[in-house]
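> give me coordinates for this.
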Amino acid sequence: MDAVDRRIIGTLAEDARISVTDLADSIPLSLSATSERLRRLRHSGIIRRFTVELDLEAVGRTIRAVIDVRVHPDADTDVFDAALGDLAPVVGAMHLTGRFDYQLEVAARDVAELDELLAHLKNELGAQETNTRLVLKMLDGFPRSVAL
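Predicted coordinates:
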């Protein structure tokens with residue numbers, strides 16, 4: 001990866017919907033050279049996907065929380081990992097070291113949905129202990145792109 005690739009990635013991090021023509025103009029490279037570099041970045045796995053960032057409040061998910069989860073020692077973590085993807089309020093998850101095994105980023109419609117999620121984690125997925133913290137405000141500028 002060279003400086004041109006880093007410029008392509010930086011531009012896409014700001015606006016992933018930019019056309020390849022406009023991307024080429026901003027680098028500046030020819031359209032074919034830009035298309036080839038973009039294809040290589042995707043093929044190599046450096047760029048894994050293009051995504052949409054939602055305004056969670058605008059779609060009705062106004063209760064933001066972070067949940068630390070410690071699973072029961074006998075729990076199947078592969079099953080736990082897979083099940084997280086099916087839980088609508090879970091918008092992010094990390095497997096961690098330390099006292100807790102997971103940290104979940106949650107966006108619930110209301111307190112009742114948050115409570116249902118916590119019960120499901122404990123009763124169905126083998127969570128032994130949870131620690132829930134409500135998010136008071138999100139700081140501007142995050143998530144941000146990584147400096148390359």
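> what's the helix or strand where Asp25 lies packed up against?
Per DSSP states H and E: Asp25 is located in helix 20-26. The contact analysis (3 or more CB pairs under 8 Å, 6 or more residues apart in numbering; DSSP states H and E) places helix 20-26 against helix 3-14, helix 31-43. Glycine gets a C-beta too; all of them are placed from N, C-alpha and C.
> got the contact list for that helix?
Helix 20-26 is contacted by residues Arg7, Ile8, Thr11, Leu12, Ile18, Ser30, Leu31, Ala33, Thr34, Ser35, Leu38 when judged by CB atoms under 8 Å, 6 or more residues apart in numbering.
> which of the helices and strands packed on helix 20-26 sits closest to Leu118?
Closest to Leu118 of the helices and strands packed on helix 20-26 is helix 3-14 (CB to CB; 34.2 Å).
> where do the strands of the chain begin and end?
Taking DSSP state E, the strands of the chain run over residues 63-71, 90-95, 102-108, 127-134.
> sorry, back to before: list the buried ones in the helix holding Asp25?
Leu23, Ala24, Ser26 (16 or more other CB atoms under 10 Å).
> let me know the pLDDT of the second one.
Pointing back at Ala24 there. Looking at Ala24, its pLDDT reads 96.
> list the contacts for the residue nearest the centre of the chain?
Centroid-nearest residue in the chain: Gly92, 5.1 Å away (criterion: CA atoms, centre = their mean). For Gly92, the contacting residues are Leu104, Glu105, by CB under 8 Å, 6+ apart.
> check the spacing between the residue nearest to Leu31 when sequence neighbours are not counted and Leu114 real quick.
Using CB to CB, 6 or more residues apart in numbering and skipping residues adjacent in sequence, the residue nearest Leu31 is Ala24, 4.8 Å away. As judged by CB to CB, to the nearest Å, Ala24 and Leu114 stand 46 Å apart.
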